[in-house]
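Participant: Just need the structure, nothing else, for what follows:
(2 chains)
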Amino acid sequence: MSSSTAVRDLQRDLENKANDLGKIQKDIAKNHQLRKKYTIQLGENELVLKELDLLEEDANVYKLIGPVLVKQDLAEANANVRKRIEYISAELKRLDAILQDMEEKQNNKRETIMKLQQRLQSIQAGKAKA
Amino acid sequence: MEPPAKGTVTPLASLFSEEEARKAASYVEEKIGEKRVEMNRLQQFVDENDNLINLVKKLPDQLHHNVMVPYGKMAFFPGRLIHTNECLVLLGENYYTDRTSKQTVEFLKRRDKTLQSQIHSLKAEIEDFQTEASFFTTTASEAAEGLVEIREEYVEEDSSATMIQSSGKEPSGLPGGESEEVEDDDFARIMSRLNELEMEEEQEGEDVDDRGEEHDSPLESAEETEHDLVEGIRGETDRDSMENRKQETIVSVPKIASSHSSSISASRVSEPRAKAKVIEVIPEKHPQNLDDSLNCIRPMAHYLPKENQSLGENPQQNAGTWRDFQATSSVSRGNAKTNVLGPQKIEEPEPEFDSTKAFTGSIIEHAHVKENSTHNQTQSSAFQPSKPVSRFKAQRR
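Facilitator: Numbers count the residues shown, from 1 in each chain, chains lettered A, B, ... in the order given. Below you'll find the model as predicted:
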């Protein structure tokens, strides 16, 4: 009888762990999406920066803010874009760190789940024999 | 999932079920589809870009163009394009700039280049996925066909191979060196080669001598192997008298081996006795003993593709023998396990045990090939509790 309660406990434990794992996996997927978005933005900004560098000093640069085009200094635009690139790279790095952390957690969870499953199986096998 | 011991025969289907492989394949196909869509999108961009370049190139040809200006969705009215050399270009990120047509064309061309590079990388990705998908589908079909994977521990096969090589080369190399003595270069080269071979031999001699001739087992014919085994083990027996129990197991099997090589019927007769003996003995063995003794083999236990071939040959030759050796497979199990256990113990190899190890190693092939489930059960009752199968699996990977 005690073994059956143990099995039940194990099963509940397993379920909880599986749920946690699912959560972590969802988070990771979300993180991936975010990362993708940032990567795209980074690429776009780099393109813009390249183009801005190619512009001559007196070129007119506008920024679209809402419905209006606002005239901007080339130097200012350049600085803005650079800052933005910096920000995005920092963000990407941060996301990477988070992602790594989460993956580690995921692996740990997976391992514990495997162990639990093994224990469950061994218990069940023992029962079947008995 | 499979009998843990030296060599294993694993149906591919049990490693990756056909269904799983197919699922994986379809998943990859899906990915390919996604990438294709992406690529089409990019290709569309490229086309639009080309059109735009053509248009912008043509614009400054005239001072003004008469066009129909769209007004809402349905209506147009005649208009005229002026300032044909001025464009407001979106650089991205909501930055715009005033450009001439020519500059715009340049800008568009640069954009085209980036698009092309993106398409290129996408193509590479798609190719990658396609090979992956084809791998999965072939795996699936192979699993469906019932292909098996044969694996065996690597027992210092290559050292024996080089031994044979070197011993074969030496005689031929020596006269060659004498005849070509005149040419200093050649002579020096050959001498260095000879030295090399000698060194090799010395080294191997150290490793190999104690272990007996079992090294050859994977290479030589089954009969020879058996003889070698017997010899090696007898030698060992003399040397090592304190490991009584182990001895017992060891000795019982070689007997069978030799009897088998002489006549199959004889081996049949002796089979039950040997089996009983061995099985009795093994549980009593001190696992620690076994571990220690078997550890020395560990460094040699690599998996090499070669092994598969030798395994493939031996089973047929020994088809009759495997039963006799079944009993020993439990020893080999211990072996397999200890390999996983203690890398740190490697430093203390005891020569007497080497032959044991090699012996178990060579024997396992037979045990392995056809090991059946009933046999497993007998064993597992005696030996299983101490070693979870998963460990072996881990080692196999």
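Participant: Now residue 50. Nearest residue, chain neighbours left out?
Facilitator: Defaulting to chain A. Nearest residue to A:Lys50 in three dimensions, chain neighbours excluded: B:Arg110, at 7.7 Å (CB to CB, 6 or more residues apart in numbering or on different chains). Heads up, the C-betas are built off the backbone N, CA and C, glycines and all.
Participant: could you do chain B instead?
Facilitator: Using CB to CB, 6+ apart, the closest residue to B:Asp50 is B:Asp112 (7.3 Å).
Participant: from what I can see that neighbour touches B:Asn49, true?
Facilitator: Yes. In this structure B:Asp112 lies within contact range of B:Asn49 using CB atoms under 8 Å: 5.1 Å.
Participant: Let me know how buried B:Ser14 is, in neighbour terms.
Facilitator: 12 (other CB atoms under 10 Å in any protein chain shown).
Participant: ok so, going back, how about the contacts made by the residue nearest to B:Asp50?
Facilitator: Residues in contact with B:Asp112, defined by CB atoms under 8 Å, 6 or more residues apart in numbering or on different chains, are B:Val46, B:Asn49, B:Asp50, B:Ile53.
Participant: Pull the contacting residues for A:Leu116.
Facilitator: With CB under 8 Å, 6+ apart, A:Leu116 has these contacts: A:Leu10, A:Asp13, A:Leu14, A:Lys17.
Participant: Secondary structure element holding the first one?
Facilitator: With elements taken from DSSP states H and E, the one containing A:Leu10 is helix A:2-54.
Participant: Show me the domain layout of chain B.
Facilitator: B:10-151, B:216-396 (automatic domain parsing).
Participant: Other residues contacting the next helix-or-strand element following the helix holding A:Leu10?
Facilitator: Using DSSP H and E, the next helix or strand after helix A:2-54 towards the C-terminus is strand A:61-65. For strand A:61-65, the external contacting residues (CB under 8 Å, 6+ apart) are A:52, A:55, A:69-74, A:77, B:88, B:94-98.
Participant: please redo it, this time with the cut-off set to 6 Å
Facilitator: Outside of strand A:61-65, the residues within contact range by CB atoms under 6 Å, 6 or more residues apart in numbering or on different chains are A:Leu69, A:Val70, A:Lys71, A:Gln72, A:Leu74, A:Ala77, B:Asn94, B:Tyr95, B:Tyr96, B:Thr97.
Participant: Relative to B:Val148, how far out is A:Asn107?
Facilitator: 31 Å (CB to CB, to the nearest Å).
Participant: Which positions in chain B make contact with chain A?
Facilitator: B:Leu91, B:Gly92, B:Glu93, B:Asn94, B:Tyr95, B:Tyr96, B:Thr97, B:Asp98 (CB under 6 Å from any CB of the partner chain).
Participant: Repeat the analysis, applying 7 Å as the threshold.
Facilitator: B:Leu91, B:Gly92, B:Glu93, B:Asn94, B:Tyr95, B:Tyr96, B:Thr97, B:Asp98, B:Phe107, B:Thr114, B:Ser390 (CB under 7 Å from any CB of the partner chain).
Participant: Need the buried ones from the residues you listed selected in ChimeraX.
Facilitator: Of those, the buried ones go into a single ChimeraX selection, burial set by 16 or more other CB atoms under 10 Å in any protein chain shown:
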select /B:91,92,93,95,96,97,98,107
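Participant: so of the residues of chain B next to chain A, which ones are in strands?
Facilitator: B:Leu91, B:Gly92, B:Tyr95, B:Tyr96, B:Thr97, B:Asp98 (DSSP state E).
Participant: and the first one, what pLDDT?
Facilitator: Per-residue confidence (pLDDT) for B:Leu91: 90.
Participant: which residues does it contact?
Facilitator: A:Val48, A:Glu51, A:Leu52, B:Thr97 (CB atoms under 7 Å, 6 or more residues apart in numbering or on different chains).
Participant: Return the residues in contact with the third one.
Facilitator: By that I understand A:Leu52. Contacts of A:Leu52 by CB under 7 Å, 6+ apart are A:Leu74, A:Ala77, A:Asn78, A:Val81, B:Leu91.
Participant: where does chain A have low pLDDT?
Facilitator: Chain A contains residues with pLDDT under 70 at A:1-3, A:130.
Participant: so what's the most centrally placed residue in it closest to, chain neighbours aside?
Facilitator: In chain A, the C-alpha nearest the mean C-alpha coordinate belongs to A:Asn31, at 1.9 Å (CA atoms, centre = their mean). Distance criterion CB to CB, 6+ apart; nearest residue to A:Asn31, sequence neighbours excluded, is A:Leu99 at 5.1 Å.
Participant: what do you get for A:Asn78?
Facilitator: Using CB to CB, 6+ apart, the nearest residue to A:Asn78 is A:Leu52, at 5.1 Å.
Participant: And B:Glu142, by the same measure?
Facilitator: Per CB to CB, 6+ apart, closest to B:Glu142 is B:Leu12, 5.5 Å.
Participant: Would you mind confirming that the one you found is in contact with B:Ala144?
Facilitator: No. B:Leu12 lies out of contact with B:Ala144 (CB atoms under 7 Å); the separation is 9.2 Å.
Participant: just the contacts of B:Leu91 now: which is nearest B:Glu132?
Facilitator: A:Val48 (35.5 Å; CB to CB).
Participant: low-confidence ranges in chain B?
Facilitator: B:1-6, B:156-183, B:205-397.
Participant: 50 instead?
Facilitator: Applying pLDDT under 50 to chain B flags the ranges B:1-3, B:166-181, B:211-397.
Participant: returning to what we had before: between the contacts of strand A:61-65, which sits nearest B:Gly72?
Facilitator: Relative to B:Gly72, the closest of the contacts of strand A:61-65 is A:Leu69; by CB to CB it sits at 23.0 Å.
Participant: Now do the same contact list for B:Lys92.
Facilitator: Not quite, residue B:92 is Gly, not Lys. Per CB under 7 Å, 6+ apart, neighbours of B:Gly92: A:Glu44, A:Leu47, A:Val48.
Participant: Neighbour-wise, give me the winner out of these.
Facilitator: That'd be A:Val48 among the contacts of B:Gly92, by other CB under 10 Å, with 23 neighbours.
Participant: which residues touch that residue?
Facilitator: A:Val81, B:Leu91, B:Gly92, B:Glu93, B:Tyr95.
Participant: List just the nearest of those to A:Gly22.
Facilitator: A:Gly22 has its nearest neighbour among the contacts of A:Val48 in B:Glu93, at 36.7 Å by CB to CB.
Participant: Just read off the phi/psi values of A:Arg110.
Facilitator: phi -60, psi -40 (degrees, to the nearest 10).
Participant: residues near the closest residue to it other than its chain neighbours, how many?
Facilitator: Nearest residue to A:Arg110 in three dimensions, chain neighbours excluded: A:Leu21, at 6.4 Å (CB to CB, 6+ apart). Applying other CB under 10 Å, we find 18 residues neighbouring A:Leu21.
Participant: For A:Leu21, give me its contacts.
Facilitator: A:Gln106, A:Lys109, A:Arg110, A:Ile113.
Participant: just A:Ile28 next, same as before
Facilitator: A:Leu99, A:Met102, A:Glu103, A:Gln106.
Participant: Tell me, how many residues neighbour the third one?
Facilitator: When you say that, I think you mean A:Glu103. Neighbour count for A:Glu103, taken as other CB under 10 Å: 14.
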